[in-house]
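Colleague: below are the sequence and a predicted model; questions follow.
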Amino acid sequence: MIYEMTSFNPNTDLPITKLPITELPITEVSELVQLLLDDSQPWRVHNCKLLKLQCSNQGKLPLIYHYDRLSDALKSEYPLTGTLLMNFDKAMSATEACELIGVATDSISSPKFVKITGTIVVYHEPLQLAIRLHWSNTSKIEDPIYCQTNKQAISLAMEKWQFVGAVDTLYKLNSRHQDLNIVVYDEQASRIEEGCYLLPKSSAYQVMPPAFTIALLEELNNNKSRLTWIEKAFKERLD
């Protein structure tokens, strides 16, 4: 896809976004991901909700994960052969793994299984634009964290936070910027005309199509270091 570099500043009405070269007037187009990553834009957190917070020792992992936690001396004494090799991918608790291997039950520590999910709505008042994003510590069912306390486990788990799931947009018609088109690009699209999603202007949230959601979240997850204001909201919600 061919691009021309520009963007949009709602305070000056100057075009400042990355645009595809098409027949559309490029001065009226701004890319959503660039708006979100631009720290000069007046974004604020409207709300940040915690939907799920799970942290417990009640989980299971494949035997091979537990086996890897053994000391080198115990690995030499109990090689991964025979019955152990046959069950290397069987899910079990740390205690069950110790019993199967034949070592003391305190030879393998049990991790804390953490799953955190939530939503965050960010709002751009000059553009009358709200974006609802879903976030989590992992895209897996849960994440095993080896540490002493639940507080440590939650903190460590959130070091790997990411945006997941659906994206909803609410772009109200604004008299000052009513001609601004906000878009999301899917560079994996086979045809250029299929690779651009225009945010609809509406009085209610609209669900972004899956292909464009994936493209947007990939860009945001790859640039989390530029979204510290969002990360701060997550941490404050978990305190």
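Modeller: Alright, I've got the coordinates.
Colleague: can you list the domains in this protein?
Modeller: 3-56+112-238, 61-101 (automatic domain parsing).
Colleague: how long is the last one end to end?
Modeller: In this case it means domain 61-101. Taking C-alpha to C-alpha, to the nearest Å, the first and last residues of domain 61-101 lie 15 Å apart.
Colleague: avg pLDDT for it?
Modeller: What domain 61-101 shows for mean pLDDT is 96.
Colleague: what distance separates that domain from the centre of its chain?
Modeller: 32 Å (C-alpha atoms, centre = their mean, to the nearest Å).
Colleague: go on, the first one?
Modeller: Taking the mean C-alpha point of domain 3-56+112-238 and that of its whole chain, the gap between them comes to 9 Å (C-alpha atoms, centre = their mean).
Colleague: check the domains of the chain for me: which has the lowest mean pLDDT.
Modeller: Among the domains of the chain, domain 3-56+112-238 scores lowest, with a mean of 86.
Colleague: what about the helices in this structure?
Modeller: Using DSSP state H, the helices of the chain run over 32-37, 63-67, 72-77, 82-86, 94-101, 150-157, 210-221, 228-238.
Colleague: can I get those in TSV including mean neighbour count and distance to Thr169?
Modeller: No exception for glycine: its C-beta is placed from N, CA and C like everyone else's. Listed next are those as TSV, based on neighbours: other C-beta atoms under 10 Å; distance: least, C-beta to C-beta, whole Å:
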stretch	mean neighbour count	distance to Thr169
helix 32-37	20	8
helix 63-67	20	40
helix 72-77	11	52
helix 82-86	11	51
helix 94-101	19	44
helix 150-157	17	28
helix 210-221	18	10
helix 228-238	15	16
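Colleague: could those helices go into TSV alongside distance to Tyr197?
Modeller: Converted to TSV, the helices of the chain look like this (distance: least, C-beta to C-beta, whole Å):
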stretch	distance to Tyr197
helix 32-37	9
helix 63-67	40
helix 72-77	52
helix 82-86	49
helix 94-101	46
helix 150-157	32
helix 210-221	4
helix 228-238	22
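Colleague: out of those helices, which comes closest to His177?
Modeller: Evaluated over the helices of the chain, closeness to His177 peaks at helix 32-37, with 11.7 Å, by C-beta to C-beta.
Colleague: what packs against that closest one?
Modeller: strand 14-20, strand 129-136, strand 181-185, helix 210-221 (3 or more C-beta pairs under 8 Å, 6 or more residues apart in numbering; DSSP states H and E).
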